[in-house]
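Make a model of this:
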Amino acid sequence: MKCPSRIERYGLIGDMQTSAHVCDDGSIDWLCLPRFDSSAVFAGLLGTHKHGTWQIAPAAPGRSEPGAVAERRYRGDSLVLESIWRMPAGSVRVLDFMPPRDGAPQVIRIVEGLVGEVAMVSAMRPRPGYGSVSPWIHEAGGRMVAEAGADALWLDTCVPQVEKDGVVVSAFTIGAGQSVAFVLSWCPSHAPAPDVPDPEAALADTLAFWQDWTQECAYDGLYREAVVRSSITLKAMTYGPSGGIVAAPTTSLPEEIGGDRNWDYRFTWLRDASTTLAALLGTGYRQEAQAWRRWLLRAVAGDPENLQIMYGITGERDLRERELPWLPGYEGSTPVRVGNGAADQLQLDVYGEVIDTLYLAHQSGVAHCADTAVLHQRLIEHLARRWQEPDEGVWEIRGARRHFVHSKVMAWVAVDRTIRLAEAGALDMDVAPLVELRATIHQEVCDKGFDPVRNTFTQSYGSKELDAATLLIPRTGFLPPDDPRVISTVDAVRRELSTNDGLVYRYRTCGEAAGVDGLTGDEGTFFLCAFWLVDGLALTGRLDEARALFEHLLALRNDLGLLAEEYDPVQQRQLGNFPQAFSHMGLIQSALLLQQMVAQSSRRQGAVAVPTSRSTSRSTRQNATDLTPQHA
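Reported below is the predicted structural model:
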C-alpha cells in the first residue's frame, strides 16, 4: 500500500487554475479539479493510494533499487517536468505537464523511450470527493471515463486500457524513439465529452508559454536560476481567470508530523497575495499586479469596513472550515481540514501589506486606477478608526487577541505609503492628519513594543515573547537599519529563535501546553522567517553572513527548486503546505535585496563614510526604505 512520500519528493505542474503534485516515483498524489479549491480527485497525499493516485512508471519490481531511481528536472524555465528511469533493459522518460487552459483542464503525460525497451504500467485510481467516492468507470466511444456526481474524468491514450477493481490500467512496452501519451481531461459529467487533444502540440504550446513569460524577468543577478524558478512557482499559484493567488495549492500538510496544525491554504490571503505581487513586481512583472488589483476591487467590493483577511480565489467570502474524517492525513497528521476559519479574524497588518503593494505598483509604473484610489481612501479611513484594537496578528493565532507589534508597524506602513502617494498626487487626501497619525503610531510602538531591559522589540505590547516578524522593522522603513534597537532586535531573534545554522522559528511554541497562539503542539522553522533574517543581517551591515545564510536556504530546496512552508531541522525534512508562496516570495525578495546591497557596497568602496542620523523623521525613514527593492 503506497503511503505519502516526503514532501520534498514532489514536483508541481499546473495550468494557472489548478495544479498537480507528481512524486519522483511517477505517481500523481494530489490533483483538485477544476480549480485549486475544488475537491481532490487524487488525494493519496493525505492518505494512501486508496484515496486516489495515478502512477506511470517501469513495471519491473526493482525500479527502486540503486541505479533505477528516477532522475528529474524541469525542462528549461518551464513547468514541464521530466522524469527519467534507467533500467537494466533500457531507459525511459516521462514528461508531465498541464497546458495553460483553453477549454477543459488536462494533465498530459508523455512516455518516451530513450534506450532499449522498458515495460511500463499506467495505473490510475480516481477517487473524487477527496478520496471518498468510487466513480463509475466505463468505456465510451473507445475512451475510458470515470464519472461521479458532477465530475467526469476522461482518459485518452493509444495503448489498451482495462478497468480492474476501480483502477484504469495500461501495460505496454516502450522502445527507443517511441512515445505513448496519456491525457486526462475533466469536464462536468452532464456535458459532452471533451475533445481529444494533440499531446505534442500541447507540449510545444506549453513550453512556448513559459519561455515567453520567463523572458520578462528583469532580474539577472547571481541567483537568477532560483529567482526564475520561484517566479514560475508563484505564477503557477495564480488563478488566471481572476488574478487571485493561493497561499499554497494544498491543504493539511502538517507543520508537525503527527500534529494537528494542519490548515487549508488554497485561498487568497490579502497578505500573501500582496507580498507575492511585490516580489513579482520586483522582478519586472506588471500584468499580474493589474489583475490582482481588479481582483481586490471585486473581492472587497463596497464593504471595506468588513474587510476579510482572505477570500476565495474568485472573491468568495464563505470559507467555513470543516474536517474530512475519512482521510487519515499525511503520515497520520489529523485532522484534514478544508476551508479556513481564520477568514473571520481581525488582522490589522493586512492593511499595510495591501496599501504597500498599491504603492509599489504606482512606483513600478502600473497605471493609475480611480476606483482603486477610492478603495484605498476608505481602507485607510477604516484603519485610522481601528488601529488601536488588539488583533490575531500575522500568524493567525487562535488564542486571545493581543496588541501585536508587527500589526502596529504595518498600520504605520499603511499610513506612511498613503502619505507618499498623496504627496505624489496619486491620492486626493489631506496629509496633515495622516502625518500626525503616523507619528502617533510610531511613538506608541517604540514606547510599548520595545523591551528596554532585553533591548529588543517584542511580539506584543508588554510581552516577553519574541517574534520573527519584528525582523521586518528595518525592511519597512519604520526605523533605519543602523538604529541600535533594530540591530539588537535582529540579534535577539537570531539568538533566541534561530537554530545554529540560521533557520528561524516564528515564535516559541509550548508543546503539550497551549501557547500564545492558543494551540498545543510544535512546528518546524519557517522558511520566510529565515529569509527575513537574511534581510536583517544584510541591512545591518553583515552582508557576508547574509549571503551565507541565503545560500544555505537555497540548498534546502528540493531537487526541483521548491520550498514548503517550514523545515524540520532535526529530521531534516520539509513541512507544511507545498509549495508555499510565502517561502518563494521571501527567496525572491532576499535575492533582490542582496543584489542591491552588494552593488551599494561596491559603490561605497573607497568613499568617505557619512554619518547617518538615527532620527525617525520622514526623510530618514525614506532613506532606510530605499535600501530595499520592495520600496525602491
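
Tyr567 and Gly502, how far apart?
Distance of Tyr567 to Gly502, given as Cβ to Cβ, to the nearest Å: 11 Å. Backbone N, C-alpha and C define where each C-beta goes, glycine included.

for Gly258, same thing?
Gly258 is 26 Å from Gly502, by Cβ to Cβ.

coming back round to it: the more surrounded of Tyr567 and Gly502?
Remark: of Tyr567 and Gly502, Tyr567 carries more neighbours, 24 against 19, as counted by other Cβ atoms under 10 Å.

what about the more buried one, which helix or strand?
strand 566-568 (DSSP states H and E).

Can you list the strands that that strand pairs with?
For strand 566-568, the paired strands and their directions (DSSP bridges) are strand 525-526 (antiparallel), strand 573-575 (antiparallel).

Just put those strands in a markdown table and tack on distance to Gly47 and mean pLDDT.
Conversion of these to a markdown table gives the following (distance: least, Cβ to Cβ, whole Å; pLDDT from 0 to 100):
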| stretch | distance to Gly47 | mean pLDDT |
| --- | --- | --- |
| strand 525-526 | 26 | 96 |
| strand 573-575 | 18 | 97 |
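
how about JSON lines for these, with distance to Gln290 added?
Formatted as JSON lines, the strands paired with strand 566-568 follow (distance: least, Cβ to Cβ, whole Å):
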{"stretch": "strand 525-526", "distance to Gln290": "30"}
{"stretch": "strand 573-575", "distance to Gln290": "33"}
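
Out of those, the one nearest Ile56 is which?
strand 573-575 (24.4 Å; Cβ to Cβ).

buried sites along the helix or strand following that closest one?
Using DSSP H and E, the helix or strand that follows strand 573-575 in sequence is helix 581-604. Neighbour-count burial for helix 581-604, counted by 16 or more other Cβ atoms under 10 Å, picks out 581-598.

With stretch 502-519 instead?
Buried residues in stretch 502-519 (16+ other Cβ under 10 Å): 502-507, 509, 515-517, 519.

For the residues you listed, give me TSV that also has distance to Leu327, secondary structure and pLDDT.
TSV is the format used below for the buried residues of stretch 502-519 (distance: Cβ to Cβ, whole Å; DSSP: H, G, I helix; E, B strand; the rest coil; pLDDT from 0 to 100):
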residue	distance to Leu327	secondary structure	pLDDT
Gly502	35	coil	92
Leu503	30	coil	96
Val504	31	strand	97
Tyr505	28	coil	96
Arg506	27	coil	95
Tyr507	29	coil	92
Thr509	25	coil	87
Gly515	27	coil	78
Val516	29	coil	79
Asp517	24	coil	81
Leu519	21	coil	85
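
Kindly indicate which of those lies nearest Asp198.
Leu503 (46.5 Å).

Quick check: the closest residue in space to that closest one that isn't next to it in sequence vs His382, distance?
Counting by Cβ to Cβ, 6 or more residues apart in numbering, Leu503 lies nearest to Thr525, which is 3.8 Å off, once chain neighbours are set aside. In this view, Thr525 and His382 are 35 Å apart by Cβ to Cβ.

Comparing these two, which shows the higher neighbour count?
Higher neighbour count among Thr525 and His382: Thr525, with 22 against 15, using other Cβ under 10 Å.

Check whether the more buried one really touches Gly502, as I assumed.
No - contact criterion Cβ atoms under 8 Å: Thr525 and Gly502 do not qualify, at 9.2 Å.

so what's in contact with these two at the same time?
Here Thr525 and Gly502 have no joint contacts, going by Cβ atoms under 8 Å, 6 or more residues apart in numbering.

so where's the chain uncertain?
1-3, 60-69, 606-632 (pLDDT under 70).

Can I get stretch 92-100 in PDB, CA atoms only?
What follows is stretch 92-100, C-alpha atoms only, in PDB (Å, rounded to 0.1, in the frame of the first residue of the first chain):
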ATOM      1  CA  VAL A  92      12.600   5.800 -20.400                       C
ATOM      2  CA  ARG A  93      11.500   9.400 -19.900                       C
ATOM      3  CA  VAL A  94       8.100  10.700 -18.700                       C
ATOM      4  CA  LEU A  95       7.000  14.300 -19.400                       C
ATOM      5  CA  ASP A  96       4.300  15.600 -17.100                       C
ATOM      6  CA  PHE A  97       2.600  19.000 -17.700                       C
ATOM      7  CA  MET A  98      -0.700  20.800 -17.700                       C
ATOM      8  CA  PRO A  99      -1.300  23.100 -20.700                       C
ATOM      9  CA  PRO A 100      -2.400  26.700 -19.900                       C
END
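
doesn't Leu114 make contact with Gly90?
Yes - Gly90 is within contact range of Leu114, at 7.1 Å (criterion: Cβ under 8 Å).

Which residues are in contact with each of the two?
By Cβ under 8 Å, 6+ apart, the residues touching both Gly90 and Leu114 are Ala176.

Distance of Gln595 relative to Tyr219?
The value you get for Gln595 to Tyr219, if Cβ to Cβ is used, is 8 Å.
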